[in-house]
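Visitor: Kindly generate the corresponding structure for this input.
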Amino acid sequence: VDRRYKQYYHQLQVVVSSFDAIVGCGAAKTYTALAFQTISSHFRCLRDAISGQICACRRSLGEQDASNENSGLSRLRFVDQQLRQQRALQQLGMIHQHAWRPQRGLPESSVSVLRAWLFEHFLHP
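Guide: Take a look at the predicted model:
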């Protein structure tokens with residue numbers, strides 16, 4: 001969100017500078033001030049909404065204090081770490097894919113993440 005905001009801000013500055021070059025210095029300020037305030041407000045609301053969703057997810061996973069690293073890995077991070085380790089071992093050839101198992105539907109990693117999430121939210125709320 002911050003990267004997109006900076007991109008928007010730079011694009012607006014390009015428009016302002018080209019408008020000022022044609023009309024005169026400071027002429028674009030009256031036209032762009034409201035647009036800048038409105039879009040800044042939208043970006044701020046979007047950033048706050050995303051932060052709120054992240055905090056809600058952390059609370060639901062039991063991560064009350066995100067800065068406390070001594071509490072260990074969360075369940076979701078643990079699943080992600082296990083999947084990464086399994087994928088690394090598969091790429092090294094230490095774990096062989098089951099040739100008899102057809103690939104249908106979601107990949108195994110997606111199924112395990114979905115299974116962990118469903119177990120967490122529906123079997124043990």
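Visitor: Break the chain into its domains for me.
Guide: Domain ranges of the chain: 2-60, 73-123, per automatic domain parsing.
Visitor: okay if I get these as JSON lines plus mean pLDDT and mean neighbour count?
Guide: Heads up, the C-betas are built off the backbone N, CA and C, glycines and all. Formatted as JSON lines, those follow (pLDDT from 0 to 100; neighbours: other CB atoms under 10 Å):
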{"stretch": "domain 2-60", "mean pLDDT": "84", "mean neighbour count": "12"}
{"stretch": "domain 73-123", "mean pLDDT": "72", "mean neighbour count": "11"}
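Visitor: Report all helices and strands that the biggest helix by length in the chain contacts.
Guide: Looking across the chain with DSSP state H, the single longest helix is helix 29-60. Secondary-structure packing of helix 29-60 (3 or more CB pairs under 8 Å, 6 or more residues apart in numbering; DSSP states H and E): helix 2-23.
Visitor: gap between the helix it packs on and the chain center?
Guide: Taking CA atoms, centre = their mean, to the nearest Å, one finds helix 2-23 lying 26 Å from the centre of the chain it belongs to.
Visitor: Likewise for stretch 40-57?
Guide: 11 Å.
Visitor: How about stretch 54-63?
Guide: Relative to its parent chain, stretch 54-63 has a centroid offset of 14 Å by CA atoms, centre = their mean.
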